[in-house]
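**Q** 3D, please:
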Amino acid sequence: AADCEIGSEAELRSFGLQLFEAAAYLHQCGILYADFKRANLRWNKNSLCVIDFDCSIEYNAAQPPRGPFGTPGYRAPEVRDPQRPAVDLRADTWSCGVVLLHEMLRIHAGRMAADVALEERLVVPHAVKLLNACDEPFAMLSLEAQQLIEAMLCIDPQQRICDEALLKHPFVVQQASSAN
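**A** Numbers count the residues shown, from 1 in each chain. Coordinates of the predicted model:
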């Protein structure tokens, strides 16, 4: 599958919508993907393809998995720390949030900043440090984008935005209405 660079926030909205739909579909099928990262996503400006299901886990709420799994830098806090509670499907939400934030900042801060400086900051252990390190480029994002990223990168998985709310978020709803 071809992979294209995301060139604008409008394209990112479409990419994000399809990413959230893919994650929600996998979750409905009882699958924790466990490795959302840009390298596992193919984008051709119209459609998104999720590849590499090597880390995927059949999810059972009665016996939730414990980490670590997935790629460092994209793992949710509860996946990185074995002392934290068992992992639920919102671990994927965190990983999708890291992907979206990186793409947003690359669009707004420029390729060099995203590829060099920001790539290093994606491996920090907490979203608060990540967002603080990226204050200036983060402020360039639309208000809807900022709110979405903050909801996706909530440290407490129980407070993190769920699939249903993601698909109704203004960042996504604006994409859907502008496509009509």
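**Q** every contact and neighbour count from this point should use C-alpha atoms.
**A** Noted.
**Q** for residue 8, what are its contacts?
**A** By CA atoms under 8 Å, 6 or more residues apart in numbering, the contact set of residue 8 is residue 107.
**Q** now it: how far from residue 107?
**A** 6 Å (CA to CA, to the nearest Å).
**Q** what about the helices in this protein?
**A** Listed in chain order, the helices of the chain (DSSP state H) span 9-28, 77-80, 90-109, 111-112, 119-121, 127-133, 135-139, 143-152, 163-168, 170-179.
**Q** and of those helices, who's closest to residue 57?
**A** Closest to residue 57 of the helices of the chain, according to CA to CA: helix 9-28, at 10.3 Å.
**Q** packing partners of the closest one?
**A** strand 48-50, helix 90-109, helix 163-168, helix 170-179 (3 or more CA pairs under 8 Å, 6 or more residues apart in numbering; DSSP states H and E).
**Q** what residues of that helix count as buried?
**A** 9, 12-24, 26-27 (16 or more other CA atoms under 10 Å).
**Q** one more: stretch 140-153?
**A** 141, 145, 146, 148, 149, 150, 151, 152, 153.
**Q** show me what contacts the fourth one?
**A** Each residue near residue 148 by CA under 8 Å, 6+ apart is listed here: 166, 169, 171.
**Q** closest one of these to residue 83?
**A** Among the contacts of residue 148, and counting by CA to CA, the member closest to residue 83 is residue 166, at 27.7 Å.
**Q** where does this structure have low pLDDT?
**A** When residues are selected by pLDDT under 70, those of the chain lie in 1-2, 85, 109-138, 175-180.
**Q** on that earlier part again, for the helices of the chain, give me TSV that also has distance to residue 48.
**A** Supplementary listing: those in TSV, determined by distance: least, CA to CA, whole Å:
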stretch	distance to residue 48
helix 9-28	6
helix 77-80	25
helix 90-109	13
helix 111-112	21
helix 119-121	22
helix 127-133	25
helix 135-139	24
helix 143-152	19
helix 163-168	16
helix 170-179	15
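**Q** could you dump the helices and strands packed on helix 9-28 into CSV and include distance to residue 68 and mean neighbour count?
**A** Formatted as CSV, these follow (distance: least, CA to CA, whole Å; neighbours: other CA atoms under 10 Å):
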stretch, distance to residue 68, mean neighbour count
strand 48-50, 21, 18
helix 90-109, 11, 24
helix 163-168, 22, 16
helix 170-179, 30, 15
